[in-house]
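Undergrad: No letters, just coordinates:
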């Protein structure tokens, strides 16, 4: 018998309607020009006024912090744990070196949505809960990643 196990014809693929909550695939292809001026200014300050090696580790940390704040930091099921991912203590040695000591880094974080808070004698960068991630955030992260991997 030549019927190789009831070979069903593959279903035609229909493009599903774009999900408005998902960043569009093409957004990662956005050029730097399409990122907000605030981000561009902070980014170019960071990369042009600091030593290259330091810039790379700073961008690496920024990328992690932003990714955590916009993903794990939005976990409705565990708000307490989520809050930790949205909160960056600027006096932390590693953070201080990567952000505070690097001209443009704190501004870069703020351009993406972090806010500067002062409490109990400490400075924090806090990403507010339920913040709608900027539509350009994925391309900002790609920009950071692209630079860091040079």
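TA: Received the coordinates, thanks. Because the structure is a prediction, the values reported are computed rather than measured.

Undergrad: For residue 147, which non-adjacent residue is closest in space?
TA: residue 59 (6.0 Å; CB to CB, 6 or more residues apart in numbering). Every C-beta, even on glycine, is put in place using the N, C-alpha and C of the backbone.

Undergrad: host element of the one you found?
TA: helix 52-70 (DSSP states H and E).

Undergrad: Which strands or helices does that helix pack on?
TA: When contacts are defined as 3 or more CB pairs under 8 Å, 6 or more residues apart in numbering; DSSP states H and E, helix 52-70 packs onto helix 37-49, helix 105-112, helix 137-148.

Undergrad: tilt between the last one and helix 37-49?
TA: Interaxial angle of helix 137-148 relative to helix 37-49 (axes from the mean of the first three to the mean of the last three CA atoms, to 10 degrees): 10 degrees.

Undergrad: Buried residues in helix 137-148, which are they?
TA: 137, 138, 139, 140, 141, 142, 143, 144, 147, 148 (16 or more other CB atoms under 10 Å).

Undergrad: Then the longest one?
TA: Neighbour-count burial for helix 37-49 flags 39, 40, 42, 43, 45, 46, 47 (criterion: 16+ other CB under 10 Å).

Undergrad: And stretch 79-89, by the same measure?
TA: Along stretch 79-89, these residues count as buried under the neighbour rule (16+ other CB under 10 Å): 82, 85, 86, 87, 88.

Undergrad: Isn't the second one up against residue 66?
TA: Okay, so that is residue 85. No: Residue 85 lies out of contact with residue 66 (CB atoms under 8 Å); the separation is 10.4 Å.

Undergrad: Of the buried residues of helix 137-148, which is the nearest to residue 94?
TA: Nearest to residue 94 among the buried residues of helix 137-148 is residue 148, at 16.0 Å by CB to CB.

Undergrad: re the thing from before, from the buried residues of helix 37-49, which is closest to residue 118?
TA: After measuring those against residue 118 - CB to CB - the closest member comes out as residue 42, at 20.4 Å.

Undergrad: on that earlier part again, which pair of the buried residues of stretch 79-89 spans the longest distance?
TA: For the buried residues of stretch 79-89, the maximum inter-member distance is 13.9 Å, found between 82 and 88 (CB to CB).

Undergrad: what is the orientation angle of the lowest-mean-pLDDT helix or strand in the chain with helix 105-112?
TA: When each helix and strand of the chain is scored by mean pLDDT, DSSP states H and E, helix 137-148 comes last, with a mean of 86. Relative orientation of helix 137-148 versus helix 105-112 (the same axes, to 10 degrees): 150 degrees.
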